[in-house]
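A.B. asks: any chance you can model this:
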Amino acid sequence: MLIETLTNIIKKYRIETEQFLISEDYEIQNEPKEAYISGDNDSNMLNRLYIADNLTVLKDLIKTNIKIDLIYIDPPYNTKADYHSKIAVYPKNCVRNFPKIEKLAYTDYKKNGTADYLDAITERLFLMREVLSDKGSIYVHLDWHVVHYVKIILDEVFGKENFVNEIIWQRTGSQNNAASYGTNFDVILFYKKGDDKIWNNPTNEYSKEHLNSYFKTDKDGKYYRLNNPTGKGYQNHTRDFGAGPVFPPDGRHWSVSQNEIDRLLKENKIVFTSSGYPFIKKYLDDMSGKNVQSIWDDCIPPRKSSELTGYATQKPEKLLERIISASSDENSIVADFYGGSGTAAFVAKKLGRSWITCDFGSSAGAIAKKRMLSIFDNFQVYRPMHENELHTKALYNDQAVEIENDFIKANLKIVQQNKSDADQIKIILEKLTYKDKSCLSLNKVNTDKLFDILDDDPLATIDLWEINTGFGGLFKPQMIIKRDSDGKLPVESEFVCEKNKRIALKITDVFGLTLFHDWVIE
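C.D. replies: Down below sits the predicted model:
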């Protein structure tokens with residue numbers, strides 16, 4: 001029954017995608033809940049973090065003709081489970097080992113079960129194919145729950161002939177399950193769009209055990225291997241290895257030229273074995289390593305504090321480094337449309353790629369933004385604020401200011417020193433409060449824990465705050481004030497602003513909630 005449903009889903013979205021591609025009345029949305037572009041000066045670098053429905057983002061990318069060389073996605077697995085993030089808060093009397101608040105990140109559940117899940121993923125995979133460049137590839141990270149169904153979808157969307165690999169990622173050493181075999185792996189399905197895929201062959205270093213078993217060492221302790229200079233097939237050609245012409249063994253031929261042999265002789269890399277035939281010395285230093293196979297057991301889940309974000313389903317950077325290095329170039333755009341904690345974007349940036357990442361959850365977006373700010377100086381909001389979002393009023397000297405939205409309220413103090421053409425402004429954060437405890441969607445234990453902390457330090461949940469002087473509708477913060485490695489947050493910021501110009505202030509908490517306000521300097 002489900003296979004019949006899946007067949008109909010594939011037919012439906014094949015037709016809908018074709019109609020979308022030829023439609024001329026689609027209006028570019030660019031209206032995510034929130035989105036950011038990096039502050040890089042290089043206009044060739046396209047770096048975007050969307051807090052938005054990936055369906056809207058995909059359609060906008062297609063209609064703006066942006067092409068992507070590599071897509072990695074780690075979508076929900078239809079596990080019917082809840083996933084939680086452990087989010088640090090920063091009381092002023094605490095240094096390191098900050099208390100963690102457990103918050104629901106997302107529920108991996110669809111109302112009508114697997115059929116709804118397959119409907120959603122199929123629609124998006126058809127669009128992902130269209131946003132890929134002709135040399136592009138896609139890696140889809142799944143587990144046993146739905147990988148068999150998604151493999152069928154990918155065969156239909158990309159073509160069975162474009163299936164490249166099924167990669168097994170061993171995520172843990174073992175898992176105890178008394179009722180069946182323990183499941184300790186995920187599956188990554190790798191497809192190319194066409195024959196001209198980007199491929200930079202990944203290699204690993206040889207293990208010590210492998211070197212001791214298959215390599216020899218010279219007098220200097222350097223590892224080398226003996227390679228056979230012949231290949232299958234008969235040719236009656238001789239080669240001179242320094243002591244006169246030598247015929248190849250029966251049924252084989254020399255696979256190296258005489259010029260190459262002469263070079264190897266000069267470098268003392270020809271060795272005669274007890275068989276009487278020559279072999280070529282291949283030193284380990286001249287090898288790139290062994291080719292990576294399709295079972296990956298060397299990309300362990302993140303355990304280092306520097307890599308951990310607290311996000312429930314975070315993947316290790318090494319896993320993404322391998323995928324991105326293999327299937328993209330330095331001028332490529334890498335995209336992850338189920339961005340989570342932003343690992344794909346973070347690694348893409350470190351490897352010199354452009355990136356696009358997207359997630360609908362505000363807590364995921366907050367984690368990803370914080371992570372990217374550790375390697376970027378700046379982000380800009382990708383779309384203008386609507387006029388009904390602005391709260392413009394005059395700013396007065398030494399004024400206590402209260403700003404709020406539906407969820408949070410902040411108390412500030414603003415000091416203004418009048419000058420002829422510009423004013424010296426100081427903003428001091430004093431307090432952040434939540435108007436309703438239920439807005440955080442925490443259970444009672446974590447709610448009580450959090451508000452006990454806030455009673456002692458009302459700024460403990462502020463992650464960062466940003467200021468844009470000369471705000472004109474597009475938020476471009478010149479100042480991003482964030483916590484240092486000890487969790488300390490500067491609560492004062494001083495700057496110069498011209499008369500009759502707007503100041504825009506944005507506060508972001510550790511859960512991804514934001515408070516925006518602006519004023520006019522008079």
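A.B. asks: for stretch 445-453, buried residues please.
C.D. replies: Judged by neighbour count using 16 or more other CB atoms under 10 Å, the buried positions of stretch 445-453 are Asn446, Thr447, Lys449, Leu450, Ile453. Using the backbone N, CA and C atoms, a C-beta is placed for each residue, glycine as well.
A.B. asks: a strand runs through the last one, doesn't it?
C.D. replies: So that's Ile453. No: counting by DSSP: H, G, I helix; E, B strand; the rest coil, Ile453 falls outside a strand, being helix.
A.B. asks: what residues does whichever helix in the chain runs longest touch?
C.D. replies: In the chain, taking DSSP state H as the definition, the longest helix is helix 2-22. Identification of contacts with helix 2-22 by CB atoms under 8 Å, 6 or more residues apart in numbering yields 26, 59, 62, 114-115, 118-119, 122-123, 126-127, 130, 149, 152-153, 156-157.
A.B. asks: next step: these restricted to helices.
C.D. replies: 59, 62, 114-115, 118-119, 122-123, 126-127, 130, 149, 152-153, 156-157.
A.B. asks: which one of these is nearest to Val520?
C.D. replies: Nearest to Val520, judged by CB to CB, of the ones in helices among the contacts of helix 2-22 is Lys59 at 36.8 Å.
A.B. asks: buried stuff in the strand ranked longest in the chain?
C.D. replies: The longest strand of the chain (DSSP state E) is strand 422-434. Under the neighbour-count criterion of 16+ other CB under 10 Å, strand 422-434 has Ala422, Asp423, Ile425, Ile427, Leu429, Leu432, Tyr434 buried.
A.B. asks: leaving out chain neighbours, which residue sits closest to the fifth one?
C.D. replies: Put plainly, it is Leu429. Val491 (4.4 Å; CB to CB, 6 or more residues apart in numbering).
A.B. asks: report how many residues lie close to the one you found.
C.D. replies: By the criterion of other CB atoms under 10 Å, Val491 has 16 neighbours.
A.B. asks: and it, how far from Pro301?
C.D. replies: Separation of Val491 from Pro301 (CB to CB, to the nearest Å): 36 Å.
A.B. asks: so Lys216 is in contact with Arg225, correct?
C.D. replies: Yes: Lys216 lies in contact with Arg225 (CB atoms under 8 Å); the separation is 7.2 Å.
A.B. asks: quick one on the thing from earlier: out of the ones in helices among the contacts of helix 2-22, who's nearest Ile198?
C.D. replies: Nearest to Ile198 among those, with distances taken as CB to CB, is Glu130, at 18.0 Å.
A.B. asks: ok, the closest one - contacts?
C.D. replies: Applying CB under 8 Å, 6+ apart, we find Glu130 in contact with Thr17, Leu21, Ile62.
A.B. asks: which SSE is the most centrally placed residue in the chain in?
C.D. replies: By CA atoms, centre = their mean, the chain has its centre lying nearest to Ala344, at 1.7 Å. Per DSSP states H and E: Ala344 is located in helix 343-350.
A.B. asks: so which residues make contact with the helix or strand immediately after that helix in the chain?
C.D. replies: As assigned by DSSP H and E, the chain's next helix or strand after helix 343-350 is strand 354-359. With CB under 8 Å, 6+ apart as the test, strand 354-359 has contacts from 44-52, 54, 57, 61, 68, 331-340, 342, 344-345, 348-349, 365, 368.
A.B. asks: now the buried members of the residues you listed.
C.D. replies: Among these, the ones that count as buried by 16+ other CB under 10 Å are 45-52, 54, 57, 61, 68, 332-340, 342, 344-345, 348-349, 365, 368.
A.B. asks: among those, which lie within strands?
C.D. replies: Checking the buried ones among the contacts of strand 354-359 against DSSP E, those in strands are Asn47, Arg48, Leu49, Tyr50, Ile51, Ile68, Ile333, Val334, Ala335, Asp336.
A.B. asks: for the chain, just list every one of the helices.
C.D. replies: 2-22, 54-63, 114-131, 147-158, 208-214, 258-266, 317-327, 343-350, 362-373, 444-456.
A.B. asks: distance from the third one to the middle of the chain?
C.D. replies: Spelled out, that is helix 114-131. 20 Å (CA atoms, centre = their mean, to the nearest Å).
A.B. asks: what do you get for stretch 233-249?
C.D. replies: Counting by CA atoms, centre = their mean, stretch 233-249 comes out at 54 Å from the chain centroid.
A.B. asks: re the thing from before, which one of the ones in helices among the contacts of helix 2-22 sits closest to Asn418?
C.D. replies: Lys59 (49.5 Å).
A.B. asks: the closest one and Tyr26 touch, don't they?
C.D. replies: Yes: using CB under 8 Å, Lys59 is in contact with Tyr26, at 6.9 Å.
A.B. asks: touching, Asp486 and Arg96? I think so.
C.D. replies: Yes: at 6.9 Å, Asp486 counts as touching Arg96 under the criterion of CB under 8 Å.
A.B. asks: distance from the chain centre to stretch 441-458, please.
C.D. replies: 31 Å.
A.B. asks: what does it rub up against?
C.D. replies: Among residues not part of stretch 441-458, those counted as contacts by CB under 8 Å, 6+ apart are 89-93, 99, 101-104, 430-434, 437, 440, 460-461.
A.B. asks: so which of those residues belong to strands?
C.D. replies: Per DSSP E, the subset of these in strands is Ile101, Glu102, Lys103, Leu104, Glu430, Lys431, Leu432, Thr433, Tyr434.
A.B. asks: least confident of these?
C.D. replies: For these, the weakest pLDDT value sits at Leu104, with 79.
A.B. asks: beta-bridge partners for that residue, please?
C.D. replies: Judged by DSSP bridges, the bridge partners of Leu104 are His84.
A.B. asks: okay, now it: neighbour count?
C.D. replies: Neighbour number of Leu104 under other CB under 10 Å is 17.
A.B. asks: tell me the pLDDT at Asp398?
C.D. replies: With respect to pLDDT, Asp398 has a value of 68.
A.B. asks: pretty sure Asp82 contacts Pro76?
C.D. replies: No: counting by CB under 8 Å, Asp82 sits too far from Pro76 to count as a contact (11.3 Å).
A.B. asks: these two: which is more packed in?
C.D. replies: Per other CB under 10 Å, whichever of Asp82 and Pro76 has more neighbours is Pro76, with 21 against 12.
A.B. asks: gap between the more buried one and Tyr191?
C.D. replies: Counting by CB to CB, the gap from Pro76 to Tyr191 is 19 Å.
A.B. asks: do the same with Ile300
C.D. replies: With distances taken as CB to CB, Ile300 is found 26 Å from Tyr191.
A.B. asks: who's more crowded, the two?
C.D. replies: Tyr191 (26 against 13).
A.B. asks: setting the sequence-adjacent residues aside, check what's closest to that one.
C.D. replies: Phe158 (4.4 Å).
A.B. asks: now Lys197, nearest residue through space, not along the chain?
C.D. replies: Ser137 (5.3 Å).
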